[in-house]
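**Student:** build the 3D model from these lines:
(one chain, ligands or ions: 1)
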Amino acid sequence: MSSSRTIIELFYDVDSPYSWLAFEVLCRYRNVWNIDLKFKPAYLGVIYSSDLKLLSEYFGVPMFQPSSLSEKDSLNAMHFATVVAEKEKKGDTLEKVILTYLSIILQCLSAQAGLKAGLSANEVEEILTLSKSQPIKDKLKSVTEEALEYKCFGLPFIVCHVNGKAEVFFGSDRFELMAYFIGERWMGPHPNKSKATM
Ligand SMILES: N[C@@H](CCC(=O)N[C@@H](CS)C(=O)NCC(=O)O)C(=O)O
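**Tutor:** Numbering: from 1, shown residues only. Coordinates of the predicted model:
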């Protein structure tokens with residue numbers, strides 16, 4: 001096992017159900033593995049578009065972007081998540097907001113998500129105002145570009161930094177290999193449940 005703490009970055013979009021799985025599992029392992037977990041809201045629309053554009057060119061087939069949410073709803077949601085990520089000092093609030101977002105994804109109403117997550121009306125108001133600001137739009141863009149620089153083609157996308165080396169994993173079904181890379185033990189999706197109760 002490595003001596004220094006492993007940094008794990010989770011690039012996610014609330015429009016990606018697989019991101020939810022990865023988010024949940026990484027939260028469960030947060031205090032089990034020697035890791036520092038960072039949430040990175042990235043915009044799947046752009047990531048998809050980038051990969052689909054290349055595929056479309058290569059195969060000579062016109063492609064469209066599949067999405068359960070409208071592009072505007074999805075982008076609004078991710079601007080909201082970006083504000084919350086910027087306010088990460090209160091990490092537990094961030095998690096609750098992300099989870100609540102994901103659980104009401106089809107409605108995708110930012111204010112409702114914030115209130116459900118336990119934020120006050122004033123806090124929600126402030127986040128909503130900030131989420132429409134240019135710096136937040138730029139931040140979501142730059143985190144998405146950061147993911148693309150790692151050749152990200154889909155979400156969830158997990159970047160593990162161990163002893164100065166970064167390794168990337170796509171999907172919520174690569175935890176076993178990821179655990180091997182970071183020198184930790186994969187105990188399935190429920191690390192805190194004893195065998196007797198499973
Ligand atoms: N096998 C992956 C699939 C993840 C997945 O399909 N993610 C979608 C977004 S919800 C995606 O980014 N797909 C792009 C691709 O597959 O190229 C998992 O189990 O997590």
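**Student:** nearest residue to the residue in the chain that the ligand sits nearest to other than its sequence neighbours?
**Tutor:** In the chain, the residue that lies nearest the ligand is residue 154 (2.4 Å; C-beta to the nearest ligand atom). Every C-beta, even on glycine, is put in place using the N, C-alpha and C of the backbone. Nearest non-adjacent residue to residue 154, counting by C-beta to C-beta, 6 or more residues apart in numbering: residue 170, 5.7 Å away.
**Student:** which residues does the closest residue to residue 186 other than its chain neighbours contact?
**Tutor:** Nearest non-adjacent residue to residue 186, counting by C-beta to C-beta, 6+ apart: residue 179, 3.8 Å away. By C-beta atoms under 8 Å, 6 or more residues apart in numbering, the contact set of residue 179 is 33, 185-186.
**Student:** did I read that right, residue 96 in a helix?
**Tutor:** Yes - with DSSP: H, G, I helix; E, B strand; the rest coil as the criterion, residue 96 is assigned to a helix.
**Student:** now do the closest residue in space to residue 180 that isn't next to it in sequence, the pLDDT please.
**Tutor:** Leaving aside its chain neighbours, residue 180 sits nearest to residue 186 (7.6 Å; criterion: C-beta to C-beta, 6+ apart). pLDDT, residue 186: 97.
**Student:** where does this protein dip in pLDDT?
**Tutor:** Where the chain drops to pLDDT under 70, the residues are 1-3, 63-69, 89-94, 99-114, 194-198.
**Student:** which stretches in it count as helices?
**Tutor:** Taking DSSP state H as the criterion, the chain carries its helices at 17-29, 44-59, 71-86, 91-103, 110-116, 121-131, 134-149, 175-182.
**Student:** return the set of residues that bridge with the residue nearest to residue 154.
**Tutor:** As for beta bridges, residue 170 partners with residue 157 under DSSP bridges.
**Student:** near the ligand, which residues of this structure show up?
**Tutor:** 16-18, 51, 153-155, 171-173 (C-beta under 6 Å from any ligand atom).
**Student:** point out the most buried one among the helices of the chain.
**Tutor:** Highest mean neighbour count of those: helix 71-86, a mean of 21 (counted as mean count of other C-beta atoms under 10 Å).
**Student:** in TSV, list the contacts of residue 179 along with neighbour count.
**Tutor:** TSV is the format used below for the contacts of residue 179 (neighbours: other C-beta atoms under 10 Å):
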residue	neighbour count
33	23
185	12
186	16
